[in-house]
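> My questions are about this predicted structure, shown below with the sequence.
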Amino acid sequence: MTSGTARASEDDKVPYWASVDTDRANLRVGPGESYKIDWVYRRLHLPVKVLRREGPWRLVEDPDGTKGWMRDLLLSRQRSALVRGAGGKALVKMHAAASSASPMLWRIEPGAVGILGDCKEGWCPLDVEGHKGYVEQEMLWGAGAP
C-alpha cells in the first residue's frame, strides 16, 4: 500500500472535524443542489463535525447541533474551535502557556472562533484573529475526538 492510498482511506473515516472554508456556505436538507437550503453560514473557520460522506457531499453537525448537507469544496480539514465558556456566557481565559498558573493574555467571548493547534493534557493552542495562547480544552467545541 502506498502512502497516498493510506491517506485516502484515512480521509474516508467518519466522523472527523472540519471547518467552513468560505465566508458563505449553504447547508442543505439533502445531498444535492436540488435540495432546499436550510441555513447559510457566514463564519469563516466555523468548526463542524462531518458525520457522513455521500459523493462530494458531507453530512455535518454545527456547534448548535444543527445537521445538514454541505459540499466538500466549502470545507477544510484545518482544525478550528468555537469558544463555549462556562454556561455559554462567561468570558474564557487565554493563557501564555498550557497551565492556569501561567499569565492570562486575553479574555475571549463565547462564540469566538479560532484556529486550533494540537491539544495536550487538557490545553489547546488557539489563534483567535491573531490573539494566540492556550485555552482549556473543555471550553472549546471542535477540540478532542469528534
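Cool, got the structure.
> only C-alpha atoms for contact and neighbour calcs from this point on.
Will do.
> show me the contacts for Pro31.
Applying C-alpha atoms under 8 Å, 6 or more residues apart in numbering to Pro31 gives the contacts 54, 57-59, 69-70.
> Next, the buried residues of the longest strand seen in the chain.
When the chain is parsed with DSSP state E, its longest strand is strand 47-54. Using 16 or more other C-alpha atoms under 10 Å as the test for burial, strand 47-54 gives 47-53.
> Leu73 in helix, strand or coil?
helix (DSSP: H, G, I helix; E, B strand; the rest coil).
> now the contacts of Pro31: which count as buried?
Applying 16+ other C-alpha under 10 Å to the contacts of Pro31 flags 57-59, 69-70 as buried.
> Show me which of the residues you listed is closest to Gly30.
Trp69 (5.7 Å; C-alpha to C-alpha).
> so the closest residue to that closest one other than its chain neighbours bridges to which residues?
Leaving aside its sequence neighbours, Trp69 sits nearest to Leu59 (C-alpha to C-alpha, 6 or more residues apart in numbering; 4.5 Å). Beta-bridge partners for Leu59, by DSSP bridges, are Arg52, Trp69.
> Run through the residues that contact Gly114.
45, 80-82, 126-129.
> let's go with 10 Å and repeat that
Residues in contact with Gly114 (C-alpha atoms under 10 Å, 6 or more residues apart in numbering) are 44-47, 79-83, 125-132, 140.
> Just the buried ones from those residues?
The neighbour count (16+ other C-alpha under 10 Å) marks 44-47, 79-83, 125-128, 132, 140 as buried among the contacts of Gly114.
> any idea which of the residues you listed is closest to Ala97?
Nearest member of those to Ala97, counting by C-alpha to C-alpha, is Pro125, at 8.5 Å.
> Am I right that the closest one is in a helix?
No. Counting by three-state DSSP, one finds Pro125 to be strand, located in no helix.
> follow-up on the earlier one: from the buried ones among the contacts of Gly114, which two are the most distant?
Across these (C-alpha to C-alpha), the longest gap, 18.6 Å, separates Leu44 and Pro125.
> Strands of the protein, residue ranges please.
16-20, 25-28, 37-41, 47-54, 57-61, 67-71, 75-76, 80-83, 92-95, 104-108, 113-116, 123-128, 131-136, 140-141.
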